[in-house]
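Colleague: Structure of the sequence below:
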Amino acid sequence: MLSDCLLIVFISICTALLGEVEKKKEGGESADRSQKKKLERQEERLKNHNRDLSFVKMKSMFAIGFAFTALLSMFNSIFDGRVVAKMPFVPISLLQGISHRNLGGDDYSECSFIFLYILCTMSIRQNVQKLLGLAPSRAASKQGGGLFATPGQLNTR
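Modeller: The predicted structure is shown next:
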């Protein structure tokens, strides 16, 4: 059971490292007219390159999604019906379906592969992003707002 847990943590680390991509952008300003025209031409080329890059990224994301789905399916079949961890608690009823997925018996403190994998991925991915410098800065996170933006954040934009 310990070896299964360590293998799942290792799989989660590997998939988190594989899934992260770094994004960078540079910019600059110029006051001269010829510099402005040159800058406009470069911006136009940059737009074209960004469009091409977006297309390549989209194909790459589909390939990664397909590979991750295949890997998850393979590992799911390997660990099907095997108890990979014993939790020191019984999860709430809402989570028992996924934490005890494909396991026999009524001991809901037993953990299935998919539940442990999800927990490991959620906790490891953020740390991998920070380690590789891919996580957004705190300032960007505060400005982003996102889906759950407060009214104060929306008014400052």
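Colleague: which strands and helices sit next to the longest helix that the chain contains?
Modeller: Of all the elements of type helix in the chain, the one with the most residues (DSSP state H) is helix 33-78. Here helix 33-78 touches helix 2-19, helix 113-132, going by 3 or more CB pairs under 8 Å, 6 or more residues apart in numbering; DSSP states H and E. In this view, the C-beta of every residue, glycine as well, is placed from N, C-alpha and C.
Colleague: so where's the protein shaky on pLDDT?
Modeller: 18-32, 136-157 (pLDDT under 70).
Colleague: could you redo the last one with a cut-off of 80?
Modeller: Filtered on pLDDT under 80, the chain yields the residue ranges 1-2, 4-5, 12, 14-35, 39, 134-157.
Colleague: now the helices and strands packed on helix 33-78 in TSV, with distance to Pro88?
Modeller: Shown next, in TSV, are the helices and strands packed on helix 33-78 (distance: least, CB to CB, whole Å):
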stretch	distance to Pro88
helix 2-19	14
helix 113-132	14
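Colleague: coming back round to it: now the longest helix of the chain against helix 113-132, angle please.
Modeller: Put simply, helix 33-78 runs at 150 degrees to helix 113-132, going by axes from the mean of the first three to the mean of the last three CA atoms, to 10 degrees.
Colleague: how close does Ile118 sit to Lys37?
Modeller: The span separating Ile118 from Lys37 equals 53 Å under the rule CB to CB, to the nearest Å.
Colleague: Looking only at neighbour counts, state which of the two leads.
Modeller: Between Ile118 and Lys37, counted using other CB atoms under 10 Å, Ile118 has the larger neighbour count: 14 against 11.
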